[in-house]
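In: What shape does this take:
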Amino acid sequence: MIKKHSGKYKETNKNSYVQGMYEIWIKPAIDKCLAFSGLILLFPLYIAIAVVIYLDDPGPVLFIQKRVGKGKKMFNLHKFRTMKMSAPHDIPTHQLENPDQYITKIGRILRKTSIDELPQIWDIFRGKMSIIGPRPALWNQEDLIAEREKYGANDIMPGLTGWAQIKGRDELEISVKAKFDGEYTSKLKQGGMKALLFDLRCFLGTIESVLKCEGVIEGGTGGLHKQNSSPTSQEIVQKKESILVVCQYYDPEPFRISNICKELVRRGHEVMVVTGQPNYPEGVLYPGYEGCQKRDEVIDGVQVHRCNIIPRKQGRIYRFLNYYSYAISSTRYIRSGKCITLDKRPFDIVFCNQLSPVMMAEAAIAYKKKYKVPLILYCLDLWPESLIAGGVSRNSGLYKFFHRVSKRIYKSADKIFVTSQMFSDYFYRQFDIKKNDITYLPQYAEDVFDLTNPKSGNKICELMFAGNIGEIQSLNTIVDAAELLKKEPIRFHIVGGGTDLKRVQEIAEKKGLKNVVFYGRRPLEEMPKLYEKADAMLVTLKSDSVLSLTLPGKIQTYLACGKPIIGAIDGECANVIREAECGFCGPAEDSRMLAENIRKFMEADNRLRLGINARKYYLSHFSLDRFMEKLETCIGECTY
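Out: Just a heads-up that it's a prediction; the model follows:
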């Protein structure tokens, strides 16, 4: 048993076995001779290392620490300092939270090669250690000391290296490490030639391990167990990561990824974003971002680097130039070696927020290959199916080409997050991606959106569409429904911008519709006030078997505001509206059914209940807290 008195271990006054000649005379003599020779031969190396350590992180070159010696007597052990001056002094590395953050640049090399242990040659020369033996425990490392006591390993001289070191070092659980120390102790007890040959075996094995850089895991002891065991969700969420985010779109462009990154930083993670020059949705560079302006900036604690791109403007040619310009420039930047953390190391994980185009993930794949880190791909736009919205046929060569590109990209990810549960079946059928590699992570509403007051005191029914306006959104369905209802007390509000806005406006003008109001793109902060005007929100999408798998992000926003929803949409979105019991829904691109559902809404006596149901469903399925907790857990599982 280990006995403690006043915070110190009682020293063992007698050994549990009789020491032989080898342990009393021969082994100490070998230690003294080799240590003396080593001190002389390595003196120039000591000086060089000392200079580099001081230049890297000014402070003492040597790290002196109280350790447990033979018979549990305390002694001061010497090492080259590999930790920053701000690191806790008497806490074992494996008990530190994120120990890697405390290690200096030169310290990583010293630890990997075990050169940081060389000053212990002095401890060997002064008789406090042996060349071969159990590694000395920290004075407060009670778990290891207790395990060694079972095998009598505390009764022999600790060593610079030993049997446990070459069997796994930091990869070993404490109980396993102590067992190997016990095996060495039993060999030493045998004495004579057997003990000498076993010491020689340990010495040669150490040389091999050092040359291969085996067994070093920052945060050991027990790194192997941590990799193979199943940590609790709380441990995973509490683990802070450095995250590289790759996405073509970022603040000031209106995408949720900006808020996600801000929230990750607020929760203690380090985040860097590699994005493009902002030009979405109008296709023109935002003022202040032309040329090399604001190439690197910090937004809400997030490091942002913007790569050169060709603005999307109008038409397919510019669209594809825009897509590939970002894929090429971002990949080039990733490969430059400039995407590193604040303490100059690779990020723990790369996260691709994949909208259109899927090629934006090329940079993330390049980073994964360069630094051997996990890649998470968050699929918000399903490719190559998104091409269908632009009029590309599934039988065309262009579609088949991007099907191959998409398959390669999606299969390169270690984990795929999807916003629609129906995406899982598509990935399995089209790309043979197993469902256990896919995680359902629906979007949430931005934090500026909250429950709005039900509109009252107006005899006109106010309906609103808010979001991007492109071909895929099928706004002409709303305009056609507005024409069918132009004699009724209904007003349609279209809020948003995009490549199809001008065409939709022209359709409304040709029809001479006075009940449709276009607002254009509005700042996010103005949207809650606009939502207050609405009795219900509208959602439409083109009719397509694959596009129906998607769940437009505007749905979460509508639900968060507690607004009833009227839709002309199929698939996942229709399922949500029906499951939430928050409105009415008909087939995609069916303007007559949309008009009929609007009439049903006007006649309904449960409008207030529909809004309450919407908010309730949002809180139970799509809230920001639920989203971030699941995201952090999944990221932690990938890096644990």
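
In: Distance check, L342 against L608.
Out: With distances taken as CB to CB, to the nearest Å, L342 is found 51 Å from L608. Heads up, the C-betas are built off the backbone N, CA and C, glycines and all.

In: what sits up against stretch 594-607?
Out: Under the contact criterion CB atoms under 8 Å, 6 or more residues apart in numbering, stretch 594-607 has outside partners 454, 461, 463, 477-478, 481, 484-485, 488, 490, 535-536, 540, 564, 566-568, 583-586, 610.

In: I meant stretch 46-57, not that one.
Out: Contacts for stretch 46-57 (CB under 8 Å, 6+ apart): 61, 80-81, 84-85, 104-107, 110, 115, 118-119.

In: what about that stretch, average pLDDT?
Out: Across stretch 46-57, pLDDT averages out at 92.

In: Please save the CA atoms from that stretch in PDB.
Out: Extracted in PDB, the C-alpha atoms of stretch 46-57 (Å, rounded to 0.1, in the frame of the first residue of the first chain):
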ATOM      1  CA  TYR A  46      23.400  20.900 -25.200                       C
ATOM      2  CA  ILE A  47      24.600  24.400 -25.900                       C
ATOM      3  CA  ALA A  48      22.900  24.500 -29.300                       C
ATOM      4  CA  ILE A  49      19.600  23.200 -28.000                       C
ATOM      5  CA  ALA A  50      19.700  25.700 -25.100                       C
ATOM      6  CA  VAL A  51      20.100  28.600 -27.500                       C
ATOM      7  CA  VAL A  52      17.200  27.500 -29.700                       C
ATOM      8  CA  ILE A  53      14.900  26.900 -26.700                       C
ATOM      9  CA  TYR A  54      15.600  30.400 -25.400                       C
ATOM     10  CA  LEU A  55      15.000  32.100 -28.800                       C
ATOM     11  CA  ASP A  56      11.700  30.200 -29.200                       C
ATOM     12  CA  ASP A  57      10.300  31.000 -25.800                       C
END
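
In: quick one: low-confidence parts of the stretch 201-350 of the chain?
Out: 211-239 (pLDDT under 70).

In: same deal with the chain?
Out: 1-18, 86-99, 139-140, 169-172, 211-239, 389-390, 446-458, 640.

In: what does the domain assignment say about it?
Out: As assigned by automatic domain parsing, the chain contains the domains 4-226, 243-444, 461-622.

In: Nearest to C638, out of those domains?
Out: Of all the domains of the chain, it is domain 243-444 that lies closest to C638, at 4.3 Å by CB to CB.

In: Just give me how far the closest one sits from the chain centre.
Out: 14 Å (CA atoms, centre = their mean, to the nearest Å).

In: I figured P357 hits S325, correct?
Out: No: with contact defined as CB atoms under 8 Å, P357 does not reach S325; the gap is 10.7 Å.

In: The two: which has the busier surroundings?
Out: P357 (25 against 19; other CB atoms under 10 Å).

In: name the element the nearest residue to S114 once chain neighbours are set aside belongs to?
Out: Distances taken as CB to CB, 6 or more residues apart in numbering put V210 closest to S114, at 5.2 Å, once the chain neighbours are dropped. For V210, the host element (DSSP states H and E) is helix 192-212.

In: In that helix, which residues are buried?
Out: Buried residues in helix 192-212, counted by 16 or more other CB atoms under 10 Å: 195, 198-199, 202-203, 205-206, 209-210.

In: swap in stretch 524-539?
Out: Within stretch 524-539, the residues that qualify as buried are 527-528, 531, 534-539, counting by 16+ other CB under 10 Å.

In: Tell me if S620 really is in a strand.
Out: No: checked against DSSP: H, G, I helix; E, B strand; the rest coil, S620 lies outside a strand; its state is helix.

In: okay but the residue nearest to S114 is in contact with K112, surely?
Out: No: using CB under 8 Å, V210 is not in contact with K112, being 9.3 Å away.

In: In contact with M593, which residues?
Out: M593 makes contact with 568, 586-587 under the criterion CB under 8 Å, 6+ apart.

In: quick one on the thing from earlier: now, the contacts of stretch 594-607 that are in strands?
Out: Counting by DSSP state E, those place 461, 463, 490, 536, 540, 566-568, 583-586 in strands.

In: Now render the residues you listed as a markdown table, adding distance to M602.
Out: Below are these laid out as a markdown table (distance: CB to CB, whole Å):
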| residue | distance to M602 |
| --- | --- |
| C461 | 5 |
| L463 | 10 |
| I490 | 7 |
| A536 | 9 |
| T540 | 18 |
| I566 | 10 |
| G567 | 16 |
| A568 | 16 |
| G583 | 13 |
| F584 | 11 |
| C585 | 16 |
| G586 | 15 |
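
In: which of those residues lies closest to R312?
Out: Among the ones in strands among the contacts of stretch 594-607, and counting by CB to CB, the member closest to R312 is T540, at 22.4 Å.

In: for the closest one, what are its contacts?
Out: By CB under 8 Å, 6+ apart, the residues touching T540 are 465, 473-475, 477-478, 567-569, 588-589, 594.

In: Pretty sure S175 sits against E147.
Out: Yes: S175 is within contact range of E147, at 5.5 Å (criterion: CB under 8 Å).

In: Please consider this matter closed, and thank you.
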